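**Q** here are the coordinates; sequence isn't available:
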C-alpha cells in the first residue's frame, strides 16, 4: 500500500492544535508583522490618494485614450478577480473532491479570495468615470422612466456575477469561521475579547444537532460556490469575447480565463503561504512542504493549460483564414507590444516548468520566486489581451498606443497596499487555519491509525 | 434564564468514547440530550439518531425562487415595462438573460441556506451559558436536561461515569 504522508507534523494533541492556531490572535504582534503592516498601510494610503485624485480629475489621468479605452483599471480588475478564484477552488472544489490536505490552507486561501475580490471590485467602479453614480448599475425602480439596465450586456452580467461571488465567498468564509470564533471566545481572558468574539461566533455551541446542519450547509455552499466560481471568470471573459474585436472575439475565452485565474490564484496562494510560514513558524507543522508541493503541481498543470490556450489561439487565428484575426496575433508577438507578450510567455509557460523537478517543487526560495513570476506574468496576460487588441484593430487610421502614466502605476501598485493591509489584519485577528476542520484530519497518515 | 435548561453534563476527553456513550445514553431512553464537541465527530449522527438535515430542501426551493425571479426581472424590465431595441435583438432575449438568472439562483440558494442554518441552530444567540470553555477546543460533553424522560441525577451520574465521563456536573445549556 502506498504510504500517505502525515498531514500534520509533530504528533500534536487537540489542545496543542488549538493553542498553535490561536497564538497569533492572542499574542501581541512582533516587529516583523508590524513593519510589514506599516509598509502595507503606507502603500494603502498612497492608493487612496491616487484613487482620490483619479476620481476628482477623471479617468484621463490614466493612459486610456482613443482607441485603447480599456487599460490598467480593467487589466488589474481581471488580475485580482482571477487571484480570488484559487481560494474558492481550494475551499469548495477540493472540498467536494474530499482532498484532505486542503484543510490547512483553505481558510487563508478563502481570506485571499475575499480580499482579492474586494480589491478587484473597486476598479470597474472607478472605470465608469463617475463612480458616484455607480448605483445605476443595479436595476432599481427610478424616476427616469423607470429606465432599466441593459440585461443583454456582458458588463451588466459582470455586475451580477461579481457581486454574487463577493457575497457568497464572504458568507462561506464566515460560516467556516463561526466555530473557531467560539473557540477564541471560550479561551478569552479579558472581557472585550470575549464580547467581540462572542458576537462574531453568533453564540455557537457545537451540539451534535448543530454540527449535523452545519456540515450539510458547508457541503451545500461548496456545491453552490463551485459553479459560481466557474461562472464568474466565464462572465468576465464574456466582457471581451462578446465584442467584435479581433483577439477578443473567440470562443476559447471562458475555459482559458478560468484556467488562467486558477493559475494566477495558486501563484498568489504560494506567495502568501511561504510568507505565512516564515512569519508564523508554528504553522510549518500544518502547512507542510507536502502542501506546498501539491500546490506547485497545480501551478504547473494550470500553467500548461494556459500555454496550450496561447498556442491554440494562434493556431485558430491562422486556421480561421480571417486576416484581421491573423494580424492581431502576429502583431501581439512581433508588434510594438511584443515585449509584453514575451514577458507573459516566459513567466506563465517557461518558468513554471522548473516544477518538473521534485527538488524545486519542494524548495521554498524557488517556489516563492516562481510564484512572483506567475503573478507578474498573469498581469501581463490581461494586459496583452486588453491593450494589444485595442491598440491595433481593423483600420490603421484607428491605431494608437496606450499612454501609460504615473497614475496607472499608482493604482496598480497601490492596490497591493489595500490587499496586504487586509490580509495582514486577517492574520492577526482571525484564526488562519480552521481549528474545527483540522482536528478530524489530524491523524491522517499517522502510524497505527486506521484513518490513513 | 428561562430560555436555557438546567441539567447534568458529563465531560469526556475522547471522541470515540463520546460516540459510544451517546449511543448508550440514547438506549437508556433519553431523548432531549445534547452531545457537544469542538468539531463534527465521525459517526455521531448514527449514534445520536439524528436524521439527515432538512436544509437542502430550503436550498432547492430558494434556488428555484431565485431562478424565477431572475427570469421575471429580466423579462419584465426588458420586454414589458420599457422595451428598448438594443442592436436589433429581441426584447425577450432569453440566452442573454441566462447569466443573470444563474447568478440570482446561486445568490438566493446560498443566502437562504445560511438563513436556514441560523433558524435550525437557533443562532445568533446572545451569550449562551457555557458548560466548559474547553468544549470548543479539546473536550467533549453529553448534556441531559432535567425535563428529559426518567431524569434522575444519581442514575445519570453513574451512567455517564460508567461510560467514561471524567467529570459530571450540574450545568445550564
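**A** Arrived safely. In this text, all values refer to a predicted model and were calculated from it rather than measured experimentally.

**Q** chain neighbours aside, what residue packs nearest to the residue of chain B found nearest chain A?
**A** Here chain B gets closest to chain A at one residue, residue B:125, 3.1 Å apart by CB to the nearest CB. Bear in mind the C-beta positions are built from the backbone N, C-alpha and C, glycine included. In this structure, residue B:125 finds its nearest non-sequential neighbour in residue A:203, 3.1 Å apart by CB to CB, 6 or more residues apart in numbering or on different chains.

**Q** on that earlier part again, got a pLDDT number for the residue of chain B closest to chain A?
**A** pLDDT, residue B:125: 86.

**Q** for the one 5 residues further on, same thing?
**A** Predicted confidence (pLDDT) for residue B:130: 86.

**Q** you'd agree it is up against residue A:186?
**A** Yes. With contacts counted by CB atoms under 8 Å, residue B:130 reaches residue A:186, the gap being 6.2 Å.

**Q** SS state for residue B:138?
**A** Three-state assignment for residue B:138 (DSSP: H, G, I helix; E, B strand; the rest coil): coil.

**Q** quick one: contacts for residue 71?
**A** Since no chain was named, I'll use chain A. A:62-64, A:386-387, A:402, A:408 (CB atoms under 8 Å, 6 or more residues apart in numbering or on different chains).

**Q** hmm, I had chain B in mind actually
**A** Shown in contact with residue B:71 (CB under 8 Å, 6+ apart): B:97, B:101.

**Q** and it, which helix or strand is it part of?
**A** Residue B:71 belongs to helix B:55-75 when assigned by DSSP states H and E.

**Q** can you point out the buried residues in that helix?
**A** Across helix B:55-75, burial judged by 16 or more other CB atoms under 10 Å in any protein chain shown covers B:55-56, B:58-59, B:62-63, B:66-67, B:69-71, B:73-75.

**Q** what of stretch A:208-227?
**A** Buried residues in stretch A:208-227, counted by 16+ other CB under 10 Å: A:208-214, A:216-226.

**Q** and the residue of the stretch 251-400 of chain A that's closest to chain B?
**A** residue A:254 (11.3 Å).

**Q** please report how far that residue lies from residue A:379.
**A** Between residue A:254 and residue A:379 the distance is 20 Å, computed by CB to CB, to the nearest Å.

**Q** more neighbours: those two, which one.
**A** Neighbours were counted for residue A:254 and for residue A:379 using other CB atoms under 10 Å in any protein chain shown; residue A:379 has more, 24 against 18.

**Q** list the contacts of the more buried one.
**A** By CB under 8 Å, 6+ apart, residue A:379 lies in contact with A:75-76, A:79, A:412.

**Q** pLDDT, secondary structure and distance to residue A:107 for those residues - can I get that in TSV?
**A** Formatted as TSV, the contacts of residue A:379 follow (pLDDT from 0 to 100; DSSP: H, G, I helix; E, B strand; the rest coil; distance: CB to CB, whole Å):
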residue	pLDDT	secondary structure	distance to residue A:107
A:75	95	helix	29
A:76	95	helix	26
A:79	95	helix	23
A:412	95	helix	28
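
**Q** that older thread, what's the mean pLDDT across the helix holding residue B:71?
**A** Averaged over helix B:55-75, pLDDT sits at 96.

**Q** tell me which helix or strand comes right after that helix.
**A** Next helix or strand after helix B:55-75 toward the C-terminus (DSSP H and E): helix B:94-121.

**Q** could you tell me the angle between that following helix and helix B:55-75?
**A** Using axes from the mean of the first three to the mean of the last three CA atoms, to 10 degrees, the inter-axis angle of helix B:94-121 relative to helix B:55-75 is 150 degrees.

**Q** which SSE is immediately downstream of helix B:94-121?
**A** Where DSSP H and E defines the elements, the next helix or strand beyond helix B:94-121 is strand B:140-145.

**Q** just confirm yes or no for the helix or strand just after that next one near chain A.
**A** Next helix or strand after strand B:140-145 toward the C-terminus (DSSP H and E): helix B:153-162. No. On the criterion CB under 8 Å from any CB of the partner chain, helix B:153-162 is out of touch with chain A, staying 15.8 Å away.

**Q** report the contact partners of the residue of chain B closest to chain A.
**A** Residue B:125 makes contact with A:202-203, A:205 under the criterion CB under 8 Å, 6+ apart.

**Q** same thing but at 10 Å, please
**A** For residue B:125, the contact set (CB atoms under 10 Å, 6 or more residues apart in numbering or on different chains) comprises A:198, A:201-205, B:3-4, B:118.

**Q** residue A:4: which of those is nearest?
**A** Closest approach to residue A:4 among the contacts of residue B:125 (CB to CB): residue A:204, at 31.7 Å.

**Q** ok so the closest one is a helix residue?
**A** No. Counting by three-state DSSP, residue A:204 is not found in a helix; it is coil.

**Q** and for it, the neighbour number?
**A** The local packing of residue A:204 (other CB under 10 Å) involves 26 other residues.

**Q** which residues do residue B:130 and residue A:186 both contact?
**A** Common contact partners of residue B:130 and residue A:186 (CB under 10 Å, 6+ apart): A:198, B:136.

**Q** so which of the contacts of residue A:379 is the most crowded?
**A** For those, the largest number of neighbours (other CB under 10 Å) sits with residue A:79, at 27 neighbours.
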